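Asker: I'll drop the sequence and a predicted model, then ask my questions.
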Amino acid sequence: MAVDWRNFEPLLIPKIPNLHKIEVFEKHDGYKQLAKVLKEYTPEKVVDEVKAANIRGRGGAGFNAGLKWSFMPKPDGKPRYIAANGDESEPGTFKDRQIFEYNPHLFIEGATIAGFAMHIDAVYVYIRGEYKAWIDMMQKAIDDAYAKGYLGKNIMGSGYDMDMYVHSGAGAYICGEESSLMESLEGKRGYPRVKPPFPAQKGLWGRPTTINNIETLANVPLVIKNGADWYKAIGAESHPGPVLYGISGHVNKPGVYEYPTGMSINDLIYEVCGGMRGGKKVKAVIPGGSSTPPLRGDALEGVCMDADSLRTAGSMMGTAGMIIMDEDTDMVDVLWRISHFYHHESCGQCTPCRDGTGFLEKTLIKIRDGHGEMRDLDLLLDLCTQMEGRTICALADAAAWPVRYTVTRFREDFEKRVKNTVYALA
Amino acid sequence: MPEIFIDNVRYEFEGKPLVLQFMLDQGLDHPFFCYHPSLSIPANCRQCYVEAGTPVMNRETNEWELDEKGERVIRFFPKLMTSCSLEASDGMVIKTQRTSELVERAQKDTLEFILVNHPLDCPICDQAGECPLQIQTYKYGPEGSRFEHKKVHKPKRIKLGPKVILDAERCINCTRCVRFTEEISKTEQLTIISRGDKNYPAVAPGTEFDDPYSLNTVDICPVGALTSSDFRFKARVWEMNQTPGVDVTNGKGCNIDVWTRDNLVMRITPRFNPAVNDHWMPDFGRDDITRLNENRISKPQVKLDGDSIKSSWSNAEMSMAEKLQEVKPEEILVIGSAFSSVEDNFVLNKHFSALGAKEAVFSPFIKEGSGDGFLIEDDQYPNTNGCRLLGLKELSPSELEASIKESGVKLVISLEDDLVGRGAVSAAAFEGKFFVYMGSNHNETSAAADLVIPISNSVEQSCSFVNTGGRIQRTVAAKETMYTNRKLNLEMSMGRLDRYGTKFDNWVSDRNRIDCMPAWEFLERLATLSDQQFGYQTTRDIIAEIASVNEKFSGVNYDRIDDELGVPLISNEQEAKSV
């Protein structure tokens, strides 16, 4: 599938100087979409439009945002919330940061339109604590929006009230998971909640809540401005829209690039990022943050960055935080480092994740240090089976998938490191 | 009625039960750790997996869809479900470890993970023998472990509070203790700290776990992580006898289990009674073991020239009988006790009424404002309502002191009640009177007495109490006295050692038997001397008589109390206070 990316002009982070300043943003059609929605749209129409545009969640799961909004129950006069997820704790992901820094008002506008569509009383922007500078930028943008009447009481004279708050996380990966994000917002320990009840029924403080990624909400004004059909025509058919690719690793020009979905991975590496460092071969690509299964460098032909193509190739879109590794990379070391992260970040609520992540890491350390045996590879795969789908949230899956797919797809790296032990049967 | 199929067996259910609780109610065994019927459901141990499916409903006809064989089409959930958090629905199909290899495997897997960082120090762990983790590992666990690495080390022997000690390595992070302090005792003193496999429960820095209900966390801990600082390393579970009883330290009358070894009470734990105390009890009720074991009056005592000396039973009976001959019936003051059982109070009153004495009086022990609205009541004694229902005359402490001091009173007989110690009556009030105290422990009142009759306490005889809610509940003899015998008294529980140990077995001991008898039995023997005869063999006979002569007790007997976990005698709580 050919995507015309060469003529693509960035939409989420357009190349306009000082766009983070509200005056500049207003000059470039900023907050016009909000005004249009407040004046001409009913909430139902906004939801339908967004649903038709098929904005798929940019936080990893790729769920249709409009459909998610439509799960919210009818308003009953009591508070309802949006939690905007800017925790961005998945290793390899650093895209929301660009929005906070270069185009915060686009997000604020999108969140306010979403709030209008779902009769929301307050939006909580949850940003990881490590992003202190970006938290301050976001706070400044919100203060400016309040001053201009785009937030707060009677927004732009429409009679619609909505507040927006920035909330800083305290440095836990798990708080990027939607239900533990809510626990964290409520001031509790970041333990994921058991579902059902789902957040749309019982979310923050027991009230209906929708959790959307920052980038997802930033896409909303684009849909309102140009219509669902225009939006659907961008990028891959089943997974449309512009997306921020956060590319890191052994490429010449790593960084965040905005392009349509459905871009070929090879184009991203060789054209966008200027090729591999030192002209080396690609050994592995992690397409969407550390928890997505890695792809082999020799199997990248034709693989594109959209949900369907990546599923066929055996991975996932995730957050589009790509990690590119060259032929000198030791996959045992890479996997150990990823497992170390999940072991450190497991919240400790469910048994399979709490003790399984440690078990995985310790077995990988054994292999890394050259004490591993061939049976340890089977043990690793077995442990993955014991963890996948057995916990409240998806962290156990996130910890198990990289292990499962790195060991199966790069098995020769592991076999080189383990002792080829043979046991007598008798 | 809606139906559910568990392992191909059909059950009917009402309401919306949770599948795990429903299975347990049906007597089906199923492993779990974090679930507790009285606490919220975190579903974090991931042990109670089942495969669950629901029949497919045809939306047009509103009937179940059938396959070609005419059987319902079942759509199974894609993942294994935790039965603790799964609500039963009509037509649901559940496969447990008995019919599903997947579930059996998953339960093994979870146990393997739990044991990865569990120290497996069962031989020195207090919980061994009653440990859900140990039991379920034997039943459902893997044969061995594939974990060949160093376990995570965490702090051990942390004193969380005055009564609770934590071994963090044993903790499996089920959060039952945390949820208890959040939802039941509402002190919120415990929380989980740290993350992943390093986490364990802790108190906030600078505070201690001094919750008045703290020891309940030890009971509900599914491993040996939380241990009681009193009971720690005292006895193994299988050495003890477990006997049902009633907490007599408070008017609430919490249901308890009395754990005895060698005729010593080793510990007291709460016994489930949804109408009184659910699964819980206050900590001070457990401290009662000191009173039950120590400082006991063994053998009657008489005062000779101001010194208390031990005497024989026949001597005690004779001097009591002589004294009764000396005084006129109207010169006797009989003081019943809200601390003693219904039976003892009844026989006391009956005995002396038969001699012509005035009806027995009693003075309740109520500390206003000491209750907490949960399991601690203002009423400090277990049987205040029992005395009221028996028709004993209720006196305030000052009225009681005045009637003792009355010049017409020459003989004062008091059933176990530390009148002096609790400040109701001064010791001087008994001067010039002949004071007979029937009690089980040495105290300031027994020191003031001229004749002390050692009587059995609530764990040495079967007897009943009426709590502040007007519910009659009973105890069962848990420890032997000189005159009772576990092998002859069929009501007493038999431990493993009682059953199989011999007299020459080093583990079995006849020590610690107190030379005392129930108050009613002493009065019965006394009655024989004065040619009366009540004909009581056991307290069952007494309660039967009470039920026949006192309409407030009509229909009460021990079998009913046992079956119904106590019988409410006063329906309305307001009424209970005013009786």
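Answerer: Noted; the coordinates are in hand.

Asker: all contacts plus neighbour counts: C-alpha atoms, from now on.
Answerer: Noted.

Asker: ok, how many other residues are close to B:P274?
Answerer: Neighbour count for B:P274, taken as other CA atoms under 10 Å in any protein chain shown: 12.

Asker: Quick one, grab the pLDDT at it.
Answerer: pLDDT for B:P274: 94.

Asker: cool, and B:S578?
Answerer: For B:S578, pLDDT reads 52.

Asker: What lies in contact with stretch B:407-424?
Answerer: Applying CA atoms under 8 Å, 6 or more residues apart in numbering or on different chains, the contact partners of stretch B:407-424 are B:323, B:327, B:330-340, B:345, B:397-398, B:401, B:403-404, B:425-427, B:430, B:432-440, B:443-446, B:519.

Asker: tell me how far the ends of that stretch are from each other?
Answerer: One end of stretch B:407-424 to the other measures 19 Å (CA to CA, to the nearest Å).

Asker: ok now it, how far from the chain's centre?
Answerer: 29 Å (CA atoms, centre = their mean, to the nearest Å).

Asker: cool, and stretch B:257-277?
Answerer: With CA atoms, centre = their mean as the basis, stretch B:257-277 stands 4 Å off its chain's centre.

Asker: sorry, back to before: could I have the buried ones of the contacts of stretch B:407-424 as ChimeraX selection syntax?
Answerer: Buried residues among the contacts of stretch B:407-424 (16 or more other CA atoms under 10 Å in any protein chain shown), as a ChimeraX selection:
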select /B:331,332,333,334,335,336,337,338,339,340,345,397,401,403,404,425,426,427,430,433,434,435,436,437,438,439,440,443,445,446,519
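
Asker: For the stretch 51-200 of chain B, just list every one of the helices.
Answerer: Secondary structure of the stretch 51-200 of chain B (DSSP state H, counting those that start in this stretch): helices located at B:101-116, B:132-140, B:176-179.

Asker: right, so of those, which gets closest to chain A?
Answerer: Chain A sits nearest to helix B:101-116 of all the helices of the stretch 51-200 of chain B, at 5.5 Å, using CA to the nearest CA.

Asker: other SSEs contacting the closest one?
Answerer: Applying 3 or more CA pairs under 8 Å, 6 or more residues apart in numbering or on different chains; DSSP states H and E, we find helix B:101-116 packed against helix A:351-368, helix A:374-387, strand B:49-55, helix B:132-140.

Asker: Might one say that B:S214 is in contact with B:L160?
Answerer: No: using CA atoms under 8 Å as the test, B:S214 is too far from B:L160 to be in contact (9.8 Å).

Asker: Please report the distance of the closest residue in space to B:Q134 that isn't next to it in sequence from chain A.
Answerer: By the measure of CA to CA, 6 or more residues apart in numbering or on different chains, the closest residue to B:Q134 outside its immediate chain neighbours is B:A128, 7.0 Å from it. Remark: distance between B:A128 and chain A (CA to the nearest CA, to the nearest Å) = 21 Å.

Asker: B:M81 too?
Answerer: Applying CA to the nearest CA to B:M81 and chain A gives a distance of 8 Å.

Asker: ok now do that residue, which residues does it touch?
Answerer: Contacts of B:M81 by CA under 8 Å, 6+ apart are B:49-52.

Asker: Okay, and the beta partners of it?
Answerer: The partner list for B:M81 in beta bridges (DSSP bridges) reads B:V50.

Asker: Give me the pLDDT value at it.
Answerer: 95.

Asker: In contact with the closest residue to A:E301 other than its chain neighbours, which residues?
Answerer: Among residues not flanking A:E301 along the chain, A:N266 sits closest, at 7.1 Å (CA to CA, 6+ apart). A:N266 makes contact with A:300-303, according to CA under 8 Å, 6+ apart.

Asker: Please check these and keep the buried ones.
Answerer: A:300, A:303.

Asker: Need the three-state assignment for the residue of the stretch 151-300 of chain A found nearest chain B.
Answerer: The stretch 151-300 of chain A approaches chain B most closely through A:V194 (6.9 Å), counting by CA to the nearest CA. At A:V194, secondary structure determined by DSSP: H, G, I helix; E, B strand; the rest coil is coil.

Asker: Tell me who's in contact with A:W5.
Answerer: A:259-260, A:263.

Asker: Could you export those as a markdown table, including distance to chain B and secondary structure?
Answerer: Formatted as a markdown table, the contacts of A:W5 follow (distance: CA to the nearest CA, whole Å; DSSP: H, G, I helix; E, B strand; the rest coil):
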| residue | distance to chain B | secondary structure |
| --- | --- | --- |
| A:Y259 | 35 | strand |
| A:P260 | 33 | strand |
| A:M263 | 32 | coil |
